[in-house]
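K.L.:
A structural model of the following input is requested.
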Amino acid sequence: MKKKQSLYIILAVTLLSLAVTLIDAFIAPAYFVKVLFKVIFFLLIPMSYFFFFKSEKEGFKKLFRFQKQTMLKALLFGVAIYAVILGGYFLTRNYFDYSGIVSSIGKMGIDGDNFLYVSIYIALINSFLEEFFFRGFGFITLSAHTGKRFAYIFSSALFAVYHAGMMRGMFELPILILVFVGLFIGGCIFNYLNGSSENIYTSWAAHMFANFAINTVGFIVLGVI
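P.N.:
Residues are numbered from 1 along each chain as shown. Predicted coordinates:
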């Protein structure tokens, strides 16, 4: 049974991550259409795992048990991540061309007029979907069947790969490599936060701060601020 459960999770995370990446890279739907895909792929399909494997019911509940004592660590990590991302942008903006961001998100129907609404969705809802999928499903649940070492690497790597499609054309190669490395490290940090709490709230809080930083860069690049 454990082999079936681990195989289910590994295949689901791999195939659904690649599906979103390919949709972003080659179909490039309007952003609000992509939201529908992500709700189905990152929420509804993983939920079928917990419905099918009844023994995972308690593990599913643990993903949403709030623990105040772990939140301070998460918030501190979040502030640090915000500073690193925003600082990295200011340090590199005179050396690398970030104009690709404007054209790339423009293809998804995002501009200065609606970016505020998109940024709210990214920070609050999209971050939750990703944390439930990559950390709750792809790390915490998977690690119970494969061990934490494999789950750490697997979920962090797929988290980085999943972003490949949406970043197509946004960055020059050196920045793209740095972004991928940063995403993998960020995934490991989020897993670390969840490792002790065994719920997704800690990584969700840190992830929100990372998205706040990315959104801040977006506002700057779009000329909103």
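
K.L.:
Residue ranges in the protein under the pLDDT threshold?
P.N.:
For the chain, the stretches with pLDDT under 70 are 1, 107, 168-171.

K.L.:
residue ranges of the helices in it, please?
P.N.:
2-22, 31-39, 45-52, 57-62, 68-92, 99-106, 115-120, 127-130, 142-146, 148-162, 173-197, 201-221 (DSSP state H).

K.L.:
List the contacts of the most centrally placed residue in the chain.
P.N.:
In the chain, the centroid-proximal residue (C-alpha atoms, centre = their mean) is Glu130; its distance is 4.4 Å. By C-beta atoms under 8 Å, 6 or more residues apart in numbering, the contact list for Glu130 reads Phe42, Phe159, His207. The C-beta positions use only the backbone N, C-alpha and C, and glycine is treated the same way.

K.L.:
do the same with Tyr121
P.N.:
Val35.

K.L.:
Columns distance to Gly136 on top of the helices of the chain, output as JSON lines?
P.N.:
What follows is the helices of the chain, written out as JSON lines (distance: least, C-beta to C-beta, whole Å):
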{"stretch": "helix 2-22", "distance to Gly136": "11"}
{"stretch": "helix 31-39", "distance to Gly136": "15"}
{"stretch": "helix 45-52", "distance to Gly136": "8"}
{"stretch": "helix 57-62", "distance to Gly136": "8"}
{"stretch": "helix 68-92", "distance to Gly136": "15"}
{"stretch": "helix 99-106", "distance to Gly136": "28"}
{"stretch": "helix 115-120", "distance to Gly136": "22"}
{"stretch": "helix 127-130", "distance to Gly136": "10"}
{"stretch": "helix 142-146", "distance to Gly136": "10"}
{"stretch": "helix 148-162", "distance to Gly136": "10"}
{"stretch": "helix 173-197", "distance to Gly136": "8"}
{"stretch": "helix 201-221", "distance to Gly136": "9"}
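
K.L.:
Please work out which of those helices is packed deepest.
P.N.:
Most buried of these by mean neighbour count (mean count of other C-beta atoms under 10 Å) is helix 201-221; its value is a mean of 22.

K.L.:
got the angle for that helix vs helix 68-92?
P.N.:
On the basis of axes from the mean of the first three to the mean of the last three C-alpha atoms, to 10 degrees, helix 201-221 is oriented at 20 degrees to helix 68-92.

K.L.:
what are the C-alpha coordinates of helix 201-221, in PDB please?
P.N.:
The C-alpha trace of helix 201-221 is given here as PDB (Å, rounded to 0.1, in the frame of the first residue of the first chain):
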ATOM      1  CA  TYR A 201       0.600  27.400   7.400                       C
ATOM      2  CA  THR A 202       4.300  28.000   8.200                       C
ATOM      3  CA  SER A 203       5.500  27.700   4.600                       C
ATOM      4  CA  TRP A 204       2.400  29.500   3.400                       C
ATOM      5  CA  ALA A 205       3.300  32.500   5.500                       C
ATOM      6  CA  ALA A 206       6.900  32.600   4.200                       C
ATOM      7  CA  HIS A 207       5.700  32.000   0.700                       C
ATOM      8  CA  MET A 208       3.400  35.000   0.900                       C
ATOM      9  CA  PHE A 209       6.300  37.200   1.800                       C
ATOM     10  CA  ALA A 210       8.300  35.900  -1.200                       C
ATOM     11  CA  ASN A 211       5.300  36.700  -3.400                       C
ATOM     12  CA  PHE A 212       5.000  40.200  -1.800                       C
ATOM     13  CA  ALA A 213       8.600  40.800  -2.900                       C
ATOM     14  CA  ILE A 214       8.000  39.500  -6.400                       C
ATOM     15  CA  ASN A 215       4.900  41.600  -6.600                       C
ATOM     16  CA  THR A 216       6.800  44.700  -5.500                       C
ATOM     17  CA  VAL A 217       9.300  44.100  -8.300                       C
ATOM     18  CA  GLY A 218       6.300  43.700 -10.700                       C
ATOM     19  CA  PHE A 219       4.900  47.100  -9.600                       C
ATOM     20  CA  ILE A 220       8.300  48.700 -10.200                       C
ATOM     21  CA  VAL A 221       8.800  47.100 -13.600                       C
END
